[in-house]
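Chemist: compute the structure for the input listed below.
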Amino acid sequence: MSNSPKTVSLHGRPSLVTHEALGSAADPIPGLEHFLESLPDIYAGHDFRRLALRWAECAQDSNRKVGLAFGAHVVKVGVQAHLIDLMERGALDFLATHGAGAIHDIELALAGRTSEDVSAALEEGQFGMTGETVEVWKKALLRAQKDSLGLGHALGLEIVEGDFPHKHLSLLARAVELNRPLSILVAMGTDTIHVHPDMDGAALGESSLRDFHLLCDFVGTLQNGLWVNLGSAVILPEAFLKGVALAANSGVDLAGMMTAVLDMIRHYRPTQNVVNRPPGEGLYLIGQHELLVPLLHQAIRHYLANGVESHA
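Modeler: Okay, here's the model as predicted:
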């Protein structure tokens, strides 16, 4: 690419999502147990309670881990507070996302806004040309290369240590602050930042590969644990299955693992790679993230506060 793209400012760029619209993590609603008990013990009613109970069981046992892989749309619809609350309560041990998920997280932390109007920005020649976003990634890649860090940890540190007025909204930053392992798996050519010619491809690939190894290591700890794929249709289900394959190759028994997919529609790869092919029990819950995640958060918090034994 002979010419560097003309960039625009994130602070002035039209964005579809602003921090004022994001959700918050409420304490369990009084009487929630009656709602949970009222659910049919059939299909999604059964699976919803089953997932919330397993999540709470794992949170109460340090030997049983919970990992969450989330897509970009999860960040855009404002459920990060619910996931951060679960991390802070020791109910979420590992996070993974891809480049787009990280971009939206960074933009919200920096400017309190994210999500371009793609059609309008593309027509104006401005889609993917946000200067501040690119600069954060460039600094993180320099840090990752200098200190041999994974991409997730490097980006999280940039937010934690930088001037990001809304860093409390960042899943990446909170994971670093809580010393939770964090993986960002980049698919080259899929993210807006990749069109910028001064993006260091070698550092991007090396730091993301470190994060893939981190994910594989974590998957190997999921005996009797839980893996949740939240809104990723391709990249993260594929990466998870490779972690399962490596665990099997290493003789790790994952027979007691539970996997769950939460998404708005049923996709092929999450169905096969997360629910059907891995050992253990697999669930698939269909619903809008902005409804399903807060409901699940409420159920987990309820079971944590009232004990899981009587509900098992």
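
Chemist: for residue 284, give me its contacts.
Modeler: Counting by CB atoms under 8 Å, 6 or more residues apart in numbering, residue 284 touches 47, 260-261, 263, 266, 270-271, 275. The way it works is simple: take the backbone N, C-alpha and C, and place the C-beta from them, glycine included.

Chemist: what ranges does the stretch 1-150 of the chain have for its strands?
Modeler: All strands of the stretch 1-150 of the chain, identified by DSSP state E, counting those that start in this stretch, fall at 15-18, 66-70, 94-98, 113-116.

Chemist: helices or strands up against the first one?
Modeler: Spelled out, it's strand 15-18. Using 3 or more CB pairs under 8 Å, 6 or more residues apart in numbering; DSSP states H and E as the contact test, the elements touching strand 15-18 are helix 99-111, strand 113-116.

Chemist: for these, give me a markdown table that also has distance to residue 177 and mean neighbour count.
Modeler: Shown next, in a markdown table, are those (distance: least, CB to CB, whole Å; neighbours: other CB atoms under 10 Å):
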| stretch | distance to residue 177 | mean neighbour count |
| --- | --- | --- |
| helix 99-111 | 12 | 26 |
| strand 113-116 | 21 | 22 |
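
Chemist: tabulate these (JSON lines), appending mean pLDDT.
Modeler: JSON lines is the format used below for those (pLDDT from 0 to 100):
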{"stretch": "helix 99-111", "mean pLDDT": "92"}
{"stretch": "strand 113-116", "mean pLDDT": "75"}
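
Chemist: and of these, who's closest to residue 166?
Modeler: Taking CB to CB, helix 99-111 is the member of the helices and strands packed on strand 15-18 nearest to residue 166, at 5.2 Å.

Chemist: which elements pack onto the closest one?
Modeler: Short answer (3+ CB pairs under 8 Å, 6+ apart): helix 99-111 packs on strand 15-18, helix 72-76, strand 113-116, helix 131-147, helix 151-161, helix 171-177, strand 182-185.

Chemist: need the winner for burial among those.
Modeler: For the helices and strands packed on helix 99-111, the largest average neighbour count (mean count of other CB atoms under 10 Å) is found in strand 182-185, namely a mean of 27.
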